[in-house]
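S.K.: structure for this input, please:
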Amino acid sequence: MTTTELDPVFASALRGVLVAHVEGTARQRRRWRWGLGLGLLAGTGVLAGGVAVAATLLSAPGGTVTVSLAVPVTVTRTGAATVALGSPPKGTTAISWTLTCLSAGSFTFTGPGGAIVTCSAGSHSSDVQPMRPGQTSITVATGPTVSWELRAEYVKTVATPFGVNAKGETYGVSNSPHGTPDLQVAPLSAGVPGGYLTTKQFDCASGGDVSNPTQAIAWDTFNQHTNTVIPVYESDGTTVIGHYVVGPSGPGVRTVPLSTIAKRFCTSTRTPSTTVVLPGVVGEPEATAANAIDTLGLVAQETEVPSSTVPEGDVVAETPGVGAKAPKGALVVLTVSAGPPTGS
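M.R.: Model (predicted):
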């Protein structure tokens, strides 16, 4: 068995994914920040055997993927040691590591972005940790007779774009650069893999629209003995494939319709996903065009084609085209000239 205690930085980065999905409780979704002492922002510090769960969630649209930037460093050591990784390549944002416990023990990865791992002989633990400024090594503290193997490499973490359904609604996992989609991955406890909740309904049912301390106290009292059921959709935002209970369960808990909560606590609603008009970037240098797309909150993806008429490195076409409307977080494909075809 392996238990990994995540550092505050990494836990915070994954809050939107792990708190709602691993804990499976809507109370953890609250965004209140008034310090009322109500336990409104309880986080998650220990993740036992949860690496695979995180990977599953992050594979959804909007999830984070890692791109390897260097040859992995693999070492075998006994006792505490510092493992040098060399100079980080340009663009490095994190370090990916896998620890194999050759003998049972407890390990501490020191410094910012660290973790605590306790495991039995032969078990593995993996993590992707944000890299602190100037970091070129990983220090592992453990007992003098404990043996281990570490495989580590420099990586770049990239948030993938949201999916967009036929209604123009975004769907996927919340992330830092793109924000929150219109439809977010349903918690694992909903029992509908691949299902989505509308963010507006989920926020209302879980107290996310509470807007002041007085409402927060009223919500906490109200929510002790009530729950509500909201639909779980396919990514089209229309087809209902299940339901999710938001709130507590057990004796004395009553189920109320979403409209009851909306009247009392959802007077403020989330702003719908903003759409933007695509600019004309055909003929622009690749870097200039990609920057213009990214600045609008869209995601530029480049692909190359040979061209005898457009200078190498300039944009040949954009999809969707100039003037089209797209929700923030949508993918825009930039076709870039690779220069004249070979042999021309």
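
S.K.: helix, strand or coil for residue 292?
M.R.: Using DSSP: H, G, I helix; E, B strand; the rest coil, the structure places residue 292 in helix.

S.K.: ok, now which ones touch it?
M.R.: 279, 281, 284 (C-beta atoms under 8 Å, 6 or more residues apart in numbering). (Glycine included, C-beta is placed from N, CA and C.)

S.K.: next secondary structure after the longest strand seen in the chain?
M.R.: Selection of the longest strand in the chain by residue count, based on DSSP state E, yields strand 147-159. Next in sequence after strand 147-159, counting helices and strands by DSSP states H and E, comes strand 163-164.

S.K.: dihedrals phi and psi, residue 219?
M.R.: phi -60, psi -40 (degrees, to the nearest 10).

S.K.: what's opposite residue 126 in the beta bridge?
M.R.: residue 98 (DSSP bridges).

S.K.: dihedrals phi and psi, residue 231?
M.R.: phi -70, psi 150.

S.K.: assumed residue 91 was part of a strand.
M.R.: No. Counting by three-state DSSP, residue 91 is not part of a strand but coil.

S.K.: how about it: what's its closest non-neighbour residue?
M.R.: residue 156 (5.0 Å; C-beta to C-beta, 6 or more residues apart in numbering).

S.K.: list the residues that contact that neighbour.
M.R.: 66, 67, 69, 91, 92, 93, 94.

S.K.: hmm, back to that, neighbouring strands for the longest strand of the chain, and are they parallel or not?
M.R.: In the sheet, strand 147-159 lines up with strand 64-68 (antiparallel), strand 73-78 (antiparallel), strand 94-101 (antiparallel) (DSSP bridges).

S.K.: so what are the domain limits for the chain?
M.R.: 2-159, 173-265, 275-337 (automatic domain parsing).

S.K.: of all those domains, which one is nearest residue 165?
M.R.: domain 173-265 (5.0 Å; C-beta to C-beta).

S.K.: chain center to that closest one: distance?
M.R.: 19 Å (C-alpha atoms, centre = their mean, to the nearest Å).

S.K.: thinking again about what came up before, average model confidence for the longest strand of the chain?
M.R.: Average pLDDT, strand 147-159: 90.

S.K.: and it, what's buried?
M.R.: 147, 148, 150, 151, 152, 153, 154, 155, 157, 158, 159 (16 or more other C-beta atoms under 10 Å).

S.K.: before we move on, what about stretch 170-181?
M.R.: 170, 171, 172, 173, 174, 175, 178, 179, 180, 181.

S.K.: mind checking the end-to-end distance for it?
M.R.: 5 Å (C-alpha to C-alpha, to the nearest Å).

S.K.: before we move on, what about stretch 317-334?
M.R.: First-to-last residue span, stretch 317-334, C-alpha to C-alpha: 6 Å.

S.K.: ok, stretch 316-324 next?
M.R.: End-to-end for stretch 316-324, by C-alpha to C-alpha: 17 Å.

S.K.: stretch 152-165 now?
M.R.: 38 Å.

S.K.: stretch 167-186 too?
M.R.: Span of stretch 167-186 from end to end, C-alpha to C-alpha: 19 Å.

S.K.: related to what we said a few turns ago, of the contacts of residue 292, closest to residue 327?
M.R.: Comparing the contacts of residue 292 against residue 327 with C-beta to C-beta picks out residue 279 as the nearest, at 15.7 Å.

S.K.: so the closest one, which of the three states?
M.R.: coil.

S.K.: any weak-confidence spans in the stretch 1-150 of the chain?
M.R.: Within the stretch 1-150 of the chain, the ranges that satisfy pLDDT under 70 run 1-59, 110-114.

S.K.: what's stretch 304-315 in contact with?
M.R.: 281-286, 289, 316, 334-342, 344.

S.K.: now which of those residues would you call buried?
M.R.: Looks like the contacts of stretch 304-315 have 281, 282, 284, 286, 289, 316, 334, 335, 336, 337, 338 buried, using 16+ other C-beta under 10 Å.

S.K.: now, which of the residues you listed lie within strands?
M.R.: Going by DSSP E, the strands hold 316, 334, 335, 336, 337 from the buried ones among the contacts of stretch 304-315.

S.K.: check the residues you listed and tell me the two furthest apart.
M.R.: 334 and 337 (10.6 Å).

S.K.: for residue 88, give its distance to residue 156.
M.R.: 10 Å (C-beta to C-beta, to the nearest Å).

S.K.: what touches both of these two?
M.R.: residue 69.

S.K.: where in the stretch 151-300 of the chain is pLDDT low?
M.R.: Using pLDDT under 70, the stretch 151-300 of the chain drops low at 267-274.

S.K.: separation between residue 263 and residue 204?
M.R.: For residue 263 relative to residue 204 (C-beta to C-beta), the value is 10 Å.
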